[in-house]
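Enquirer: A predicted structure for the sequence below; I have some questions about it.
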Amino acid sequence: MDGGRVAVVTGGGQGIGRAVALAFALAGDVVAVLDRDGAMAQECCAEVAAAGGSARPYTCDVSEAADVDATFAAIGRVDVLINNAGIGGRGILGGDMAAWDRVLAVNLRGAYACSRAAAPRMRAAGGGAVVMISSTRALQSEPDSEPYAASKAGLLGLTHALAASLGPWGIRVNAICPGWIDTATHRSFQRRHAPEHSEADRAQHWAGRVGRPQDIAEACLYLCSEAAGFITGQQLVIDGGMTRKMIYV
């Protein structure tokens, strides 16, 4: 990739990742959209192009280090990395060890592999910014969610460890913990629909609404900007106040 700042978004085919890719592209960055589903990566890039931005698709399974290394070699320069790729899986009540291994491989190993591939490229570019998309599930849980919760909590530890290691290279590393984010409008074109939320849904949030993918995308833009130059090793909860709200049944 040639030109200005290059932003890599993993799991960019749909959901939060697609919103992030669109936001960075419309802000003037060239976006590398990575997704295990190459068709979804291409669809995201087509949407970016229709909006006037620049993006290129890459089919990549972030759990495979060799695949990650080859993809980043093809991308070249990297200034921004959004580690968004993630999957869920059943836990101790209904899952098996294969489910545990797969979730940890994608959500945590994948973020480390991408950060490891991006770091020397950021150093060569004079610095950069990494954002981990963790989850409020790193901080609170429902039953049978152990693989997901552990992987997302692991991203928080990885965040401050990488911030310590990469700070001398001019690389800042932060994490975002999204709460309930409705991705209905950022799915594949065939699966998009208008979100529907009840008053009870909205009442769970002090902000009075359910989160939108753009809420996370805007935070990513800020954390990767010069305005956030003194912020590193931190975690930002974006959940409309849901995890702070006391709810009595």
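Expert: Everything's here; your move.
Enquirer: what's the burial count for Ala194?
Expert: By other Cβ atoms under 10 Å, 6 other residues sit near Ala194. Where you see a C-beta, it was placed from the backbone N, CA and C, and this is true even at glycine.
Enquirer: quick check: phi and psi at it.
Expert: Backbone torsions for Ala194, taken as degrees, to the nearest 10, come to phi -70, psi 130.
Enquirer: the longest helix belonging to the chain: which residues count as buried?
Expert: Using DSSP state H to define each element, the chain has its longest helix at helix 146-166. Buried positions in helix 146-166, judged by neighbour count with 16 or more other Cβ atoms under 10 Å: 146-156, 158-160, 162-163, 166.
Enquirer: so which residues of the chain form strands?
Expert: Remark: strands assigned in the chain by DSSP state E are 6-10, 30-35, 54-59, 80-83, 128-133, 171-178, 235-238.
Enquirer: dump these to JSON lines, plus mean pLDDT.
Expert: Output for those, formatted as JSON lines (pLDDT from 0 to 100):
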{"stretch": "strand 6-10", "mean pLDDT": "98"}
{"stretch": "strand 30-35", "mean pLDDT": "98"}
{"stretch": "strand 54-59", "mean pLDDT": "98"}
{"stretch": "strand 80-83", "mean pLDDT": "99"}
{"stretch": "strand 128-133", "mean pLDDT": "98"}
{"stretch": "strand 171-178", "mean pLDDT": "99"}
{"stretch": "strand 235-238", "mean pLDDT": "98"}
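Enquirer: and the contacts of the longest helix of the chain?
Expert: Applying Cβ atoms under 8 Å, 6 or more residues apart in numbering, the external contacts of helix 146-166 come out as 83, 86, 88-92, 95, 99-100, 103-104, 106-108, 111-112, 115, 119, 122, 130, 132-135, 137-139, 141, 171-175, 177, 232-235.
Enquirer: let me see the contact set for Val31.
Expert: The contact partners of Val31, by Cβ under 8 Å, 6+ apart, come to 6-9, 12, 21, 24-25, 45, 48, 53-56.
Enquirer: could those go into a markdown table alongside distance to Ala203 and neighbour count?
Expert: Below are the contacts of Val31 laid out as a markdown table (distance: Cβ to Cβ, whole Å; neighbours: other Cβ atoms under 10 Å):
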| residue | distance to Ala203 | neighbour count |
| --- | --- | --- |
| Val6 | 42 | 26 |
| Ala7 | 36 | 28 |
| Val8 | 38 | 32 |
| Val9 | 32 | 35 |
| Gly12 | 32 | 33 |
| Ala21 | 32 | 35 |
| Phe24 | 33 | 30 |
| Ala25 | 35 | 24 |
| Cys45 | 38 | 23 |
| Val48 | 35 | 25 |
| Gly53 | 36 | 20 |
| Ser54 | 41 | 18 |
| Ala55 | 37 | 25 |
| Arg56 | 42 | 17 |
